[in-house]
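Engineer: Pasting the sequence and the predicted model now:
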Amino acid sequence: NAVSFLALGKVFSSVITGNLVLLGVAATTHSSIEAIHAGLGIAGYAVGILVGAPLAARRSRQTGAWPASVTTTLAVELIVLAGFSVGWELSDGSPHDGGQLALLIVAAAAMGMQSAAVHRLGQMSSTYLTSTLLGVLAGLATRTRPDALGRSLGALTAVVVGALAGGILARSAHAWLPVAVLLPLAVVVAGSLVTSRRASRGRAA
């Protein structure tokens, strides 16, 4: 989101509420460029969900809180983000015109796939955290402990740290941005595969 806002036309790759607002603002200011960017951000995200949701919903023999279909969907997202990274490097970290629009669509599609995958795990999200913040603050206000407080605080912290890292790399060390984009997701996919294999071996034994 930080990278797409800074380098791909001042829109977000997954904050669809923000993009809808930007689309409305573009209509009132008669800015066709802003409207195109906001519209493509929304469209790319929608395509990602349409592709990712069926993948994430597939049933498997694996049991547990993390279905194999989630790993599959995230692995496909990793491939999409690898394509984004290639395009980013080819543009030398400064995409323009058609290249900028193409990268925006790819980034938004990847985030749509991620949203579909994480939604498969339950009523949670890794790409929009307004309800997460609501739960934490409401718990403080009512002096009750929200469910999964640690996870909520971790997610809120991670999105700020991720935006900070993405912003710094996009502005000051753009050649290294693919590392920040790909490495966390690659670790999640690899970790889930290892865990799944260990669980399979345990059931076989």
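Structural biologist: Done, it's in. Residues are numbered from 1 along each chain as shown.

Engineer: Quick check: buried residues in the biggest helix by length in the chain?
Structural biologist: Scanning the chain for the helix with the most residues, using DSSP state H, yields helix 177-204. By neighbour count with 16 or more other Cβ atoms under 10 Å, helix 177-204 contains the buried residues 177-178, 180-181, 185-186, 188-189, 192, 196. Using the backbone N, CA and C atoms, a C-beta is placed for each residue, glycine as well.

Engineer: quick one: low-confidence parts of this structure?
Structural biologist: The chain contains residues with pLDDT under 70 at 60-64, 201-205.

Engineer: Go through the helix or strand that contains G39 and flag the buried ones.
Structural biologist: Under the criterion of DSSP states H and E, G39 resides in helix 32-57. Of the residues in helix 32-57, 34-45, 47-49, 51-53, 55-56 count as buried by neighbour count, 16+ other Cβ under 10 Å.

Engineer: same for the longest helix of the chain, what does it pack against?
Structural biologist: On a contact count with 3 or more Cβ pairs under 8 Å, 6 or more residues apart in numbering; DSSP states H and E, helix 177-204 meets helix 68-90, helix 149-172.

Engineer: Name the residues that touch the shortest one?
Structural biologist: Looking back up the chat, that one is helix 68-90. With Cβ atoms under 8 Å, 6 or more residues apart in numbering as the test, helix 68-90 has contacts from 48, 51-52, 55-60, 62, 95, 99, 102-103, 106-107, 109-110, 113-114, 116-118, 120-121, 174-175, 177-178, 181-182, 185-186, 188-189, 192-193, 196.

Engineer: Can I get the next helix or strand after it in CSV, CA atoms only?
Structural biologist: Per DSSP H and E, the first helix or strand lying C-terminal to helix 68-90 is helix 97-119. The C-alpha coordinates for helix 97-119 follow below in CSV (Å, rounded to 0.1, in the frame of the first residue of the first chain):
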residue,chain,number,x,y,z
ASP,A,97,2.4,5.8,-17.9
GLY,A,98,1.3,2.3,-19.0
GLY,A,99,4.0,0.6,-16.9
GLN,A,100,2.7,2.3,-13.8
LEU,A,101,-0.9,1.3,-14.5
ALA,A,102,0.2,-2.3,-15.1
LEU,A,103,2.1,-2.5,-11.9
LEU,A,104,-0.8,-1.0,-10.0
ILE,A,105,-3.2,-3.7,-11.4
VAL,A,106,-0.7,-6.5,-10.5
ALA,A,107,-0.1,-5.2,-7.0
ALA,A,108,-3.8,-4.8,-6.3
ALA,A,109,-4.6,-8.3,-7.7
ALA,A,110,-1.9,-9.8,-5.4
MET,A,111,-3.5,-8.0,-2.4
GLY,A,112,-6.9,-9.3,-3.4
MET,A,113,-5.6,-12.8,-3.5
GLN,A,114,-4.1,-12.3,-0.1
SER,A,115,-7.4,-11.0,1.3
ALA,A,116,-9.2,-14.0,0.0
ALA,A,117,-6.6,-16.4,1.4
VAL,A,118,-6.6,-14.9,4.9
HIS,A,119,-10.4,-14.6,4.9
